[in-house]
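Asker: Provided below are the primary sequence and the corresponding predicted coordinates.
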Amino acid sequence: MQWTDDALLLSIAKHGESSAIADLLTRQHGRYKGLIRGASAPRLRGVLQPGNQLTATWKARLPEHLGTVTVELAAANAAHLMSKRDQLAALSCLCAVASICLPEREPAGSAYDAANAVLALLQQDDVGLAEIGLALVHWELGLLQSLGYGLDLSVCAVTGEVDNLAFVSPKTGRAVSREGAGDYVERLLPLPALSGTPSAADVLAGLQLTGHFLDRNLLVPNRLRVPPARDRFVEQIRVLATTSGVD
């Protein structure tokens, strides 16, 4: 069995003396792992950096085998962003979340395309941290949607109204208006503004919102924890939100 596909390198782990196991998010085949022989060779050191876009060829005698992978560099995102702290942190966050949340060998074309859109944003010189954070919020919302845990933030689950939506049910992921919240306000999650040009505080609340549902639906059931790369990026947004509120 063999295929060739566009891929985003999510992670790389040393295997034996000179090989490594690559975790890839591919356009047509979903998330796949494969053995890269000679991964420690100098010619591959700059290629096998998480966040890089590759052309990957996967081979195995049987579909259920780990398989071997050969790669060619398509875009050196990691090197391009090395001097940009915020963008590099966002790239690491995206790769870590995709690696831990996406199931292996299942279609993930929407997640791949959305990740590419985030990567394109990160390449822009004038992009700010809040804008980057907002892009990741929308990427995680799309990820939840693609995995069957989409949030319905368009209408109040209690009253059916589409205005004055201010909260989200932590159980159902459905929006709730101020009127519909009633006595349950303290049990609900805040619904931040996630369109236009939201504040850093809104972006932080958005990441906390998606983080809650990633944790509840995908991580805790599989005895997994939020990846440290995501925690670090959220902390950067938290610092921005705090300093933005200081006159």
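Answerer: Nice, thanks for sending it over. In this text, all values refer to a predicted model and were calculated from it rather than measured experimentally. Numbers count the residues shown, from 1 in each chain.
Asker: contacts and neighbour counts: CA atoms only from here.
Answerer: Noted.
Asker: So for L62, what's the nearest residue that isn't a sequence neighbour?
Answerer: Nearest residue to L62 in three dimensions, chain neighbours excluded: M1, at 6.4 Å (Cα to Cα, 6 or more residues apart in numbering).
Asker: cool, S244 as well?
Answerer: Nearest to S244 is A200, by Cα to Cα, 6+ apart, at 7.3 Å.
Asker: hang on, that neighbour packs against A130?
Answerer: Yes: between A200 and A130 there is a contact at 5.4 Å, judged by Cα atoms under 8 Å.
Asker: Please tell me how far the residue positioned nearest the centre of the chain sits from A114.
Answerer: Most central in the chain under Cα atoms, centre = their mean is L94, positioned 3.4 Å from the mean C-alpha point. From L94 across to A114, the span is 11 Å (Cα to Cα, to the nearest Å).
Asker: Could you do G142 as well?
Answerer: 8 Å.
Asker: I'd like to know which elements the strand ranked longest in the chain is packed against.
Answerer: For the chain, the longest strand by residue count, based on DSSP state E, is strand 2-15. Counting contacts by 3 or more Cα pairs under 8 Å, 6 or more residues apart in numbering; DSSP states H and E, strand 2-15 is packed against strand 19-26, strand 53-59, helix 85-101.
Asker: Any idea which of these gets closest to P227?
Answerer: Smallest distance to P227 across the helices and strands packed on strand 2-15 (Cα to Cα): 6.2 Å, for helix 85-101.
Asker: Next, the buried residues of that closest one.
Answerer: 86-101 (16 or more other Cα atoms under 10 Å).
Asker: Now flag whichever of those is closest to V69.
Answerer: Nearest member of those to V69, counting by Cα to Cα, is S99, at 17.2 Å.
Asker: got a list of what the closest one touches?
Answerer: S99 sits next to 10-11, 23, 31 when contact means Cα atoms under 8 Å, 6 or more residues apart in numbering.
Asker: next one: T210
Answerer: 137, 140-141.
Asker: By neighbour count, which of these wins?
Answerer: Counting neighbours by other Cα atoms under 10 Å, the top entry in these is E140, with 26 neighbours.
Asker: starting at the chain centroid, how far to stretch 194-214?
Answerer: The chain centroid and the centroid of stretch 194-214 are separated by 14 Å under Cα atoms, centre = their mean, to the nearest Å.
Asker: Then D231 would be within a strand, right?
Answerer: No: assigned with DSSP: H, G, I helix; E, B strand; the rest coil, D231 falls outside any strand and is helix.
Asker: Near it, how many other residues are there?
Answerer: Neighbours of D231 (other Cα under 10 Å): 13.
Asker: With the one 3 residues further on instead?
Answerer: For V234, the count of nearby residues is 22 (other Cα under 10 Å).
Asker: Point me to the helix or strand that includes it.
Answerer: helix 228-244 (DSSP states H and E).
Asker: tell me the domain boundaries of this protein?
Answerer: Per the record, the chain has its domains at 2-80, 85-153+191-244, by automatic domain parsing.
Asker: Make JSON lines from those domains and add mean pLDDT and distance to K171 to it.
Answerer: Putting the domains of the chain into JSON lines (pLDDT from 0 to 100; distance: least, Cα to Cα, whole Å) gives the following:
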{"stretch": "domain 2-80", "mean pLDDT": "95", "distance to K171": "28"}
{"stretch": "domain 85-153+191-244", "mean pLDDT": "95", "distance to K171": "9"}
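Asker: Thanks a lot, see you next time.
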